[in-house]
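Chemist: quick one, what's the 3D model for this:
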Amino acid sequence: MAETTSPETPAAPSPARHGWILPLALILAVLAFATTGGVFWYMQMRMQDLEVQLARRIGQFDTSSQEARAAAKEARASIENVVVRIGALEAKALEAQNQQLALEAVYQDLARSQDERMLADIEQPLLLADQQLQMAGNVRAALLGLDAAEARLVRMKKPQFERLREAIARDSARLKLMPAADVQGINARIDALLLNVDQLKLDMEPEAAAKPAPKPEVDPVDWMGRLGRETWAEIKQLVRIRRLDNPNVELLAPTQVYFLHENLKLRLLSARLAVLQRDEATFRADIAAAQAWVERYFRRSDPLSVAMVKDLKAMSAMPVALQNADLRESLKVLRSLTHGER
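Modeler: Numbers count the residues shown, from 1 in each chain. Next up, the predicted model:
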């Protein structure tokens, strides 16, 4: 077998070399222990300080958390109170809104009824004015009614009635430009004719005879002759012989003469009423009938009859009725507004 060589063992240190290492190690160990103890003591003190601060902070946090909980509780109560109030306010607001809607509806109804009442108030003078024009031709009364209606519309100051006010103004201006009939002049002429009717002389009446000569004085002793003359005069009155130049003369009884005069007066009165009503057809018919009666029954040579026939002819040519005297435009606009058209 081969020989094995054992490793070399280190040589043991010398005692001199180990003499200063042990005290150094001991010193280092003491320093390490002291350092460790100091660090431990410092850490202990620091931990105590931290515990104190943590305890203080925990106490403050507990106080703050209690206050926060109290504040949160109060806030929650306040929020609940606010929510309750908001709910009440919402209910009141809804109720107020419903009341407002109801009030608006009532106001609209009142405004509508007020407008309808105002239109009815305006319609009355317009209808009266139109009746005055149609029945009596009274332009002045119609203008007064139109002015009253227009003044009422101006006071109301409502734009929805502006069309009606303009129509009334146009009708008023048109009536002011119309020629007015001479109602007063015609009535004066008719009154003069009425006063002269009873003085008209019939064509059947004799001409005025000449006054007889004064009778000679009769001897009171000759009573027989006077009696005979009076008797003869009475006998002559029993029979009258009259000359008629016109063979077509109407012979009327005394009662018929009276009714002739009265009927002529009635014709003239009817003509005057037709003038007031602006009824031109009736007026001309009455004037024509009166003229025919005067020419037929009364003496044509009489100056009074001639003057009456002349006046009747002149009146028959006078205008009485008003052309296009109406308020159709104003009434049309009024009816459109009444039916809700704006």
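Chemist: just the CA trace of stretch 95-107, in CSV.
Modeler: Coordinates of each C-alpha in stretch 95-107 appear next as CSV, following Å, rounded to 0.1, in the frame of the first residue of the first chain:
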residue,chain,number,x,y,z
GLU,A,95,-101.5,72.7,-2.8
ALA,A,96,-100.5,76.2,-3.7
GLN,A,97,-99.9,75.1,-7.3
ASN,A,98,-103.3,73.5,-7.4
GLN,A,99,-104.9,76.6,-5.9
GLN,A,100,-103.1,78.7,-8.5
LEU,A,101,-104.3,76.6,-11.3
ALA,A,102,-107.8,76.8,-9.9
LEU,A,103,-107.5,80.5,-9.5
GLU,A,104,-106.2,80.8,-13.0
ALA,A,105,-109.2,78.8,-14.3
VAL,A,106,-111.6,81.0,-12.2
TYR,A,107,-109.8,84.1,-13.4
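Chemist: the bottom helix or strand of this protein by mean pLDDT?
Modeler: In the chain, the helix or strand scored least confidently by mean pLDDT, DSSP states H and E is helix 223-237, which has a mean of 73.
Chemist: elements contacting that one?
Modeler: The contact analysis (3 or more Cβ pairs under 8 Å, 6 or more residues apart in numbering; DSSP states H and E) places helix 223-237 against no helix or strand. For glycine as for every other residue, the C-beta is placed from the backbone atoms N, C-alpha and C.
Chemist: which stretches of the stretch 101-250 of the chain form helices?
Modeler: For the stretch 101-250 of the chain, the helices defined by DSSP state H, counting those that start in this stretch cover 139-156, 162-176, 183-196, 223-237.
Chemist: would you turn the ones you listed into a markdown table with mean neighbour count and distance to Leu133?
Modeler: Converted to a markdown table, the helices of the stretch 101-250 of the chain look like this (neighbours: other Cβ atoms under 10 Å; distance: least, Cβ to Cβ, whole Å):
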| stretch | mean neighbour count | distance to Leu133 |
| --- | --- | --- |
| helix 139-156 | 17 | 5 |
| helix 162-176 | 18 | 8 |
| helix 183-196 | 15 | 14 |
| helix 223-237 | 10 | 61 |
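Chemist: out of those helices, which gets nearest to Glu295?
Modeler: helix 183-196 (14.1 Å; Cβ to Cβ).
Chemist: residues in contact with the closest one?
Modeler: Residues from elsewhere that reach helix 183-196, judged by Cβ atoms under 8 Å, 6 or more residues apart in numbering: 265, 268-269, 271-272, 275-276, 290, 304, 308, 311-312, 315, 318, 320.
Chemist: just the buried subset of these, please.
Modeler: Neighbour-count burial (16 or more other Cβ atoms under 10 Å) is assigned, among those, to 268, 271-272, 275-276, 290, 308, 311-312, 315, 318, 320.
Chemist: the residues you listed: which two are farthest apart?
Modeler: Leu276 and Met308 (21.5 Å).
Chemist: could you measure from Ile186 over to Glu280?
Modeler: In this structure, Ile186 and Glu280 are 11 Å apart, going by Cβ to Cβ, to the nearest Å.
Chemist: overlap of the contact sets of those two?
Modeler: Taking Cβ under 8 Å, 6+ apart as the criterion, Ile186 and Glu280 both touch Val320.
Chemist: tell me how many other residues surround Val197.
Modeler: Counted with other Cβ atoms under 10 Å, the neighbours of Val197 add up to 20.
Chemist: isn't it up against Lys265?
Modeler: Yes. Contact criterion Cβ atoms under 8 Å: Val197 and Lys265 qualify, at 5.4 Å.
Chemist: contacts only, for the closest residue to Arg267 other than its chain neighbours.
Modeler: Ranked by Cβ to Cβ, 6 or more residues apart in numbering and with sequence neighbours excluded, the top spatial neighbour of Arg267 is Ala290, at 4.5 Å. Neighbour list for Ala290: 193, 264, 267-268, 271, 312 [criterion: Cβ under 8 Å, 6+ apart].
Chemist: ok, now with 6 Å
Modeler: Contact analysis of Ala290 by Cβ atoms under 6 Å, 6 or more residues apart in numbering lists 264, 267-268, 312.
Chemist: okay, the residues you listed in JSON lines with secondary structure and distance to Val294 next?
Modeler: Converted to JSON lines, these look like this (DSSP: H, G, I helix; E, B strand; the rest coil; distance: Cβ to Cβ, whole Å):
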{"residue": "Leu264", "secondary structure": "helix", "distance to Val294": "7"}
{"residue": "Arg267", "secondary structure": "helix", "distance to Val294": "10"}
{"residue": "Leu268", "secondary structure": "helix", "distance to Val294": "11"}
{"residue": "Leu312", "secondary structure": "helix", "distance to Val294": "7"}
